[in-house]
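> everything below, folded, please.
(one chain, ligands or ions: 1)
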Amino acid sequence: MTQLDPIPVTDEATPPVVTRPTLPEADIDPAEPSLLSDTIGAERTAGLTAAVQDLQERLDGRRIVDINSTLTGGGVAEMLYRLLRYSRGAGIDARWFTIEADPAFFALTKRLHHLLHGADAPGPALDREATTHYAAIGERNAQALLRSVRSGDLVTLHDPQTAGLAGPLRHAGVRVVWRCHIGTDNHNHRTDQAWAFLRPFLEPADAFVFSRAQYVPEWLADRQVAVIQPSIDPLSAKNRPIDSDTAAAIVGRIGLRAPTGGDGPAVYRRADGSIGVVRQDPTCLYSEAPPPADAPLVVQVSRWDPLKDMAGVLSSFADADSFLDGAHLALVGPDVSDVVDDPEGLRVFESCAELWHRLPTRTRARVHLACLPLTDPEENAVIVNALQRHATVVTQKSIAEGFGLTVTEAMWKGRPVVASAVGGIRDQIEHGVHGILLDDPHDRADFAAQTGGLVKDQSRADFLGAGARQRVLEYFLDDRQLLQQAAFYRYIAAL
Ligand code: UDP
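Numbering: from 1, shown residues only. Okay, the predicted model is just below:
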């Protein structure tokens with residue numbers, strides 16, 4: 001291992017961000033992995049059950065613990081809850097905690113996030129002061145966490161926000177994995193900058209997980225690294241079946257489809273078995289009037305992050321108004337005040353709102369921006385589910401993407417997807433078979449032409465949607481990820 005520079009840890013200038021005896025912990029209801037059998041079949045279910053049981057025996061009471069920076073909003077939070085449910089259902093003592101930090105810390109880690117994607121990232125300097133602050137936050141969170149984890153437990157730290165915990169946890173005898181959900185195939189001076197900052201914090205970790213082999217930096221060449229792609233849960237509120245009338249009613253309830261006389265209730269079954277009614281309005285809605293019930297709807301659901309390029313989708317749509325054949329566009333993201341680790345959300349949303357105001361009247365009537373509340377995550381998930389099902393075409397015009405769960409989610413619903421050929425999206429879609437891949441994520445004309453083409457060509461849209469669903473069934477459901485994780489944890493537990 002490389003000799004490390006000592007990381008200065010100081011209390012000076014560090015606000016008391018960790019305010020509780022231990023870190024905030026997610027409440028997770030166990031779910032039996034066998035619940036998946038109707039979707040994945042008996043053989044896959046048996047393989048999964050055996051692998052998870054075997055892991056449970058080998059762990060012999062040790063815990064599996066995940067740490068990230070938010071319980072809601074974004075793909076990591078989305079995935080953790082479900083994977084931990086199934087682990088718990090199989091008898092594993094699996095926990096999920098989130099770190100506590102101040103806005104300066106999250107501004108710094110958001111910059112690291114962009115740099116790891118190889119993207120330009122204005123923001124705090126990655127200097128000695130930033131290193132000191134980052135180390136202090138990591139140390140404090142690790143000390144708080146050590147009230148809940150024991151030596152020998154397996155802790156997975158997710159993304160740049162948590163790397164500072166690796167050293168202190170390792171020091172206390174915890175097995176530490178760092179999992180990175182972001183990355184780029186084209187390493188450049190920006191990725192180098194981010195790794196130079198993070199590397200001293202990460203060196204102590206036992207092993208690493210990335211979503212694509214191409215994301216692994218050279219300095220990890222002789223370390224333990226696994227590649228595990230994200231996946232979705234077909235039974236979650238986000239992905240379980242909703243009939244088309246109910247989906248339409250839910251989309252209508254949030255103002256993205258005009259009501260008709262025959263609309264049913266906007267209801268769904270909650271995880272506890274009760275009937276939920278979609279009640280909350282978007283926290284922000286820019287829309288002149290809801291799209292007519294029969295208008296084709298192009299939908300992109302993303303965090304308000306510059307790399308998701310919501311503004312680019314909006315501008316492409318405006319440029320190519322006539323292409324899109326009467327279609328409406330809905331850009332939907334989380335409430336900008338709710339995602340604590342994403343300080344850019346408000347700015348990105350406001351810039352989209354400004355573009356919306358400047359659209360010609362005729363175009364503006366066909367473009368809709370909505371922020372969904374996260375106060376009831378189950379209701380939020382059901383709304384996203386309904387929107388993805390109701391969409392004529394789902395887009396993901398990202399400039400960079402670690403994986404792109406929204407793409408998998410739409411594919412599972414049999415929707416035709418138009419997405420940029422960036423990052424993990426390339427692993428999900430084979431162009432022309434499971435969706436449309438756009439070579440240049442900045443090419444707005446191509447984006448509009450491909451999206452408009454699918455709006456008009458129902459049989460091609462159906463073909464791509466069917467291919468997409470099959471692709472997800474084969475490769476991107478949670479049983480595959482749980483199996484890979486079980487094999488990986490077995491290995492780490494034996495280290
Ligand atoms: N999402 C959501 N509500 C929103 C916006 C996004 O539940 O208002 C979810 C989305 O359905 C997906 C996740 O957040 O499950 C985003 O994951 P993805 O991998 O696409 O991107 P990330 O945010 O992790 O960069």
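
> contact residues of this structure facing the ligand?
When proximity is defined as C-beta under 6 Å from any ligand atom, the chain approaches the ligand at 74-75, 78, 238, 301, 303, 332-334, 372, 380-381, 384, 403-406, 409. Where you see a C-beta, it was placed from the backbone N, CA and C, and this is true even at glycine.

> among those residues, which lie within helices?
75, 78, 380-381, 384, 405-406, 409 (DSSP state H).

> quick one: which of those is nearest Val348?
Set against Val348, the nearest of these by C-beta to C-beta is Thr406 (15.8 Å).

> what is the burial count for that closest one?
28 (other C-beta atoms under 10 Å).

> where does the prediction get shaky in this protein?
For the chain, the stretches flagged by pLDDT under 70 are 1-20, 322-323, 338-340, 495.

> excluding chain neighbours, what is closest to whichever residue of the stretch 151-300 of the chain sits closest to the ligand?
Closest to the ligand within the stretch 151-300 of the chain is Lys238: 5.8 Å, counting by C-beta to the nearest ligand atom. Spatially, and ignoring its direct neighbours in sequence, Lys238 is nearest to Ala381 (4.2 Å; C-beta to C-beta, 6 or more residues apart in numbering).

> right, and that neighbour touches Arg240 too?
No - using C-beta atoms under 8 Å, Ala381 is not in contact with Arg240; the gap is 9.5 Å.

> which of the ones in helices among the residues of the chain next to the ligand lies closest to Ile275?
Ile275 lies nearest to Ala381 out of those, by C-beta to C-beta, at 15.8 Å.

> tell me who's in contact with that closest one.
Residues counted as contacts of Ala381 (C-beta atoms under 8 Å, 6 or more residues apart in numbering) are 236-238.

> ok, now with 10 Å
Contacts of Ala381 were listed using C-beta atoms under 10 Å, 6 or more residues apart in numbering, and they are 72, 78, 81, 236-240, 268, 372, 374, 409.

> next one: Thr363
So Thr363 contacts 314, 317-321, 324, 329, 356 (C-beta under 10 Å, 6+ apart).

> and if we set it to 7 Å?
Going by C-beta atoms under 7 Å, 6 or more residues apart in numbering, Thr363 touches 318, 321.

> and Ala493, by the same measure?
For Ala493, the contacting residues are 58-59, 62, 154, by C-beta under 7 Å, 6+ apart.

> same question for Gly41.
Contact partners of Gly41, counting by C-beta under 7 Å, 6+ apart, are absent.

> at which residues are the strands of the stretch 101-250 of the chain located?
If you assign secondary structure with DSSP state E, counting those that start in this stretch, the strands in the stretch 101-250 of the chain sit at 154-158, 175-180, 207-210, 225-227.

> tabulate these (CSV), appending mean neighbour count.
Formatted as CSV, these follow (neighbours: other C-beta atoms under 10 Å):
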stretch, mean neighbour count
strand 154-158, 25
strand 175-180, 24
strand 207-210, 21
strand 225-227, 16
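
> kindly reformat the ones you listed as JSON lines containing distance to His368.
As requested, these are exported to JSON lines (distance: least, C-beta to C-beta, whole Å):
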{"stretch": "strand 154-158", "distance to His368": "32"}
{"stretch": "strand 175-180", "distance to His368": "34"}
{"stretch": "strand 207-210", "distance to His368": "36"}
{"stretch": "strand 225-227", "distance to His368": "38"}
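
> for the nearest residue to Met79 once chain neighbours are set aside, give me its contacts.
Once flanking residues are discounted, Met79 sits nearest to Pro230: 5.6 Å by C-beta to C-beta, 6+ apart. If you count contacts by C-beta under 7 Å, 6+ apart, Pro230 has them with 75, 79, 211, 403, 405, 481.

> residues near the fifth one, how many?
In other words, Leu405. Neighbourhood size, Leu405 [other C-beta under 10 Å]: 24.

> give me the nearest residue to it, chain neighbours excluded.
Computed as C-beta to C-beta, 6+ apart, the closest residue to Leu405 that is not its neighbour in sequence is Gly75, at 4.3 Å.

> next: the fourth one.
Distances taken as C-beta to C-beta, 6+ apart put Gly424 closest to Phe403, at 3.5 Å, once the chain neighbours are dropped.

> so that neighbour sits right up against Ala400, yeah?
No - assessed by C-beta atoms under 7 Å, Gly424 is found out of contact with Ala400, at 10.2 Å.

> ok, now how distant is the residue sitting nearest the centre point of the chain from Thr406?
Central residue of the chain (C-alpha atoms, centre = their mean): Gly75, 1.3 Å from the mean position. Using C-beta to C-beta, to the nearest Å, we find Gly75 at a distance of 8 Å from Thr406.

> most remote residue from the middle of this structure, which is it?
The centre of the chain is farthest from one residue, Gly261, which by C-alpha atoms, centre = their mean lies 36.7 Å away.

> residues contacting it?
Contacts of Gly261 (C-beta under 7 Å, 6+ apart): none.

> tell me the SS of it?
Three-state call for Gly261 (DSSP: H, G, I helix; E, B strand; the rest coil): coil.

> got a list of what the closest residue to the ligand within the stretch 1-150 of the chain touches?
Among the residues of the stretch 1-150 of the chain, Gly75 lies nearest to the ligand; the distance is 2.6 Å by C-beta to the nearest ligand atom. Each residue near Gly75 by C-beta under 7 Å, 6+ apart is listed here: 181, 230, 403, 405.

> can you check Val149 too?
Counting by C-beta under 7 Å, 6+ apart, Val149 touches 63, 65, 155, 174.

> which one of those sits in the busiest neighbourhood?
Using other C-beta under 10 Å as the neighbour criterion, Val155 leads the contacts of Val149 with 27 neighbours.

> report the beta-bridge partners for the residue nearest to that one when sequence neighbours are not counted.
Counting by C-beta to C-beta, 6+ apart, the nearest residue to Val155 once its immediate chain neighbours are dropped is Val65, at 4.6 Å. Bridge pairing for Val65 (DSSP bridges) gives the partners Arg95, Val155.

> doesn't Asp153 make contact with Val65?
Yes - look at Val65 against Asp153 with C-beta under 7 Å: they come within range, at 5.8 Å.

> now do the buried residues in the longest helix belonging to the chain.
When the chain is scanned for its longest helix (criterion: DSSP H), the result is helix 37-59. Buried residues in helix 37-59, counted by 16 or more other C-beta atoms under 10 Å: 37, 39-40, 44-45, 48-49, 51-52, 55-56, 59.
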